[in-house]
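Chemist: Sharing a model that was predicted from the sequence below.
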Amino acid sequence: MRKSILPDMHDDIAVAYDNLAGIYRLLGEEELAKEYRLKIQDIYVSLKGENDIDVAIAYHNYALECRMEQDFDQAREYAEKALTIYQHILGDENTHTQEEYHSLAEIEMYSGNYPKATEYMRHAIDIYQKIGDRDMTLAELLNSQASIYLRANQPDLSLNTALECISLLETLKQTDSKLAATMYDNLGKVYLVLNDEKLSEHYYLKGAETWHNMDNLETEAASYSYLAAAYNTFNRFEDAAVALEKSLALLEECDKSQDEAAAYANNNYGAICFRLGHIDKAIEHIEKAWEIRSALFGPDDQMARQYKDTVDQLKQANENTEDSANDQPNEKQIANANAEIEEFATYIGIDDPALTDIFRQGRDAFQTGYF
């Protein structure tokens, strides 16, 4: 309707295109979302020239689309264009410039350029500390910086920044917030990297408790899955099994037992059962992981095939071991059977639960300002 009565190059047409881009993004139509973002740029550049705030915002939004599509070169190019315009018109100490530094930090982090990501995030934090308050936005920025430090293999800097964030959350009386729960999980990861078993366990449990208090069962399940991975690292396999049993029970309770997270949790539980010598139980749960993954993504999915291969090899190894036992095996047969089991013990590993959407909060949901 608007387009039938307005010229193509009009502010209202740009607003309509912006709404369409948002709708297409929600529908998963990424290419159409990007197409309308480009149309918005063309309108504003035609109407207002290159050095205009609306043009910078259009560049910023297009950069976000590109980043979500992992087109980091394009994302970087348009975010840098937006930053240049903001600095030219508004200077350094303003919200637009601060947010663009934050966006550039995200782009560089996702593309693996951690030194540059750290630099940009530091700029974003410095600006916000000058123009803003010690509030939740600052806490989220600190959380993001801590994440970058951890990815850059600088756990000590990550720890200091994470503790600064927690201290700020305590001052703001926000220790029962989503950000606080996420930070507790993240501190569990930091202390795991630092090989501090006691504090890693403490913060993962604190994260689980905080999610529980918010009735967020799915993310509570994620915390227990993280905790299980930590227990596995410290060779506490019985404790890992208990943590994964809690994770699976929570996923069942919140009707997520057939979701991607449940596939990872079942595989992890199977891996732990294997380490504990419960081969039949290991096969049962890894097979369940395969069934869930195949139903979600098809039998040709790489992870589904890996689960299926693991199940087949475990069944074969189990049969060989049973055959050897029935035949009263000699020492060589026992050694061969044990070697097979050992081989599969190294093959089966604890999957990173952060690969699923909800479990990614502990590692990859950087666009939200969290780890």
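Modeler: Done, it's in.

Chemist: gap between the helix or strand R67 falls within and the chain center?
Modeler: Per DSSP states H and E: R67 is located in helix 53-68. When distances are taken as Cα atoms, centre = their mean, to the nearest Å, helix 53-68 is centred 22 Å away from the chain's centroid.

Chemist: And the helix or strand that comes right after that helix, what's buried?
Modeler: Where DSSP H and E defines the elements, the next helix or strand beyond helix 53-68 is helix 72-90. By 16 or more other Cβ atoms under 10 Å, the buried positions in helix 72-90 come out as 72, 74-83, 85-86. Placement of C-beta: from N, CA and C, glycine included.

Chemist: Helices of the stretch 101-250 of the chain, start to end?
Modeler: 114-131, 136-151, 155-171, 178-193, 197-213, 217-233, 237-253 (DSSP state H, counting those that start in this stretch).

Chemist: now the protein, which segments are flagged as low pLDDT?
Modeler: 1-12, 17, 19, 24, 49, 320-371 (pLDDT under 70).

Chemist: What is the longest helix of it by residue count?
Modeler: Longest helix of the chain, by residue count under DSSP state H: helix 302-326.

Chemist: Tell me which other helices or strands that one touches.
Modeler: Under the contact criterion of 3 or more Cβ pairs under 8 Å, 6 or more residues apart in numbering; DSSP states H and E, helix 302-326 touches helix 260-275, helix 279-297, helix 331-347.

Chemist: before we move on, back to that, dump the buried residues of helix 72-90 into TSV; add distance to Y226 as well.
Modeler: Shown next, in TSV, are the buried residues of helix 72-90 (distance: Cβ to Cβ, whole Å):
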residue	distance to Y226
F72	27
Q74	33
A75	29
R76	31
E77	36
Y78	35
A79	31
E80	35
K81	38
A82	35
L83	35
I85	41
Y86	38
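
Chemist: and of those, the nearest to S294?
Modeler: F72 (31.7 Å; Cβ to Cβ).

Chemist: How about the contacts made by that closest one?
Modeler: F72 makes contacts with C66, I107, Y110, S111, as judged by Cβ atoms under 8 Å, 6 or more residues apart in numbering.

Chemist: how does it look with 7 Å?
Modeler: I107, Y110, S111 (Cβ atoms under 7 Å, 6 or more residues apart in numbering).

Chemist: what do you get for A63?
Modeler: With the criterion set at Cβ under 7 Å, 6+ apart, A63 makes contact with A75, Y78, A79, A82, S103.

Chemist: quick one: which of those residues is nearest Y36?
Modeler: Y78 (14.7 Å).

Chemist: Can you point out the buried residues in the helix holding R67?
Modeler: So, applying 16+ other Cβ under 10 Å, buried residues of helix 53-68: 54-67.

Chemist: can you list these in JSON lines and add distance to L159?
Modeler: Below are the buried residues of helix 53-68 laid out as JSON lines (distance: Cβ to Cβ, whole Å):
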{"residue": "D54", "distance to L159": "42"}
{"residue": "V55", "distance to L159": "41"}
{"residue": "A56", "distance to L159": "36"}
{"residue": "I57", "distance to L159": "36"}
{"residue": "A58", "distance to L159": "39"}
{"residue": "Y59", "distance to L159": "36"}
{"residue": "H60", "distance to L159": "32"}
{"residue": "N61", "distance to L159": "35"}
{"residue": "Y62", "distance to L159": "36"}
{"residue": "A63", "distance to L159": "31"}
{"residue": "L64", "distance to L159": "30"}
{"residue": "E65", "distance to L159": "34"}
{"residue": "C66", "distance to L159": "32"}
{"residue": "R67", "distance to L159": "27"}
